[in-house]
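Q: Predicted model follows, preceded by the sequence.
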Amino acid sequence: MLELAILGFLRDQPLHGYDLRTRVAALMGHVRPIADGTLYPAIKRLADAGWVLRKDEPGVAAAPRRMLYLTPEGQAELERRLREPADLDISDENRWFTLLAFLRHLGEPKEQAAVLRRRLAFLEEPTSFFYDGDRPMAAEEFPDPFRQGLLTIAHATSQAELAWLHTTLAALETPGETPPS
């Protein structure tokens, strides 16, 4: 997901490494802090693959800054990753949020809708954090207020996302409609 975030932010605009780190941390850092020892090797891998171009440019008031640019090949790779996300990218909430942050870069509404339909199918499957055998358990089945809270919050979040998905899919699949903002 780190590589997807790098490609996505560079698709928005060229960035200096520090600015990129700040944006990635704002998107993903609350769950997985982004250290320089993680970010810069990822940038190097993307540059070695030909997806990111590193270019030194004069600094405003200091030493030259290394700016990062997305190459046409990098844009194609970003679009491929958005179009063909792994199952874990659909089911894991943090990975899903990273994917969702850049889904607008997949320019075809039909392709965006296909990704959203995969998430919708995942959310419509009965699930829980706790099971009685193979049966998902509901919040009201627990005397423990903390498990009740966990399940109540998760259910409310899922319901809100389902409503958004249905509205957005309807807009994407209706010619001339604009998805909700």
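A: Thanks, I have the structure now. Everything numeric in this text was worked out from a predicted model, so none of it was measured.
Q: quick one, strands of this protein?
A: Taking DSSP state E as the criterion, the chain contains strands spanning 15-16, 52-57, 65-70, 131-132, 135-136.
Q: who touches the closest residue to L120 other than its chain neighbours in this structure?
A: Nearest in space to L120, with sequence neighbours left out and distances taken as CB to CB, 6 or more residues apart in numbering, is L165 at 4.8 Å. Yep, even glycine has a C-beta here, placed from its N, CA and C like the rest. For L165, the contacting residues are 116, 119-120, 123, taking CB atoms under 8 Å, 6 or more residues apart in numbering as the criterion.
Q: how many neighbours does G107 have?
A: Number of residues near G107 (other CB atoms under 10 Å) recorded here: 9.
Q: List the buried residues for the lengthiest helix in the chain?
A: Using DSSP state H, we find that the single longest helix of the chain is helix 145-172. Residues of helix 145-172 classed as buried under the neighbour-count rule (16 or more other CB atoms under 10 Å) are 150-151, 161, 165, 168-169, 172.
Q: now that helix: how far from the chain's centre is it?
A: The gap between the average C-alpha position of helix 145-172 and the chain average comes to 17 Å, counting by CA atoms, centre = their mean, to the nearest Å.
Q: before we move on, the earlier item: looking at the strands of the chain, which is closest to F97?
A: Of all these, strand 15-16 sits nearest to F97, with 20.0 Å by CB to CB.
Q: What strands line up against the closest one, and which way round?
A: The partner list of strand 15-16 in its sheet, established with DSSP bridges, is strand 65-70 (antiparallel).
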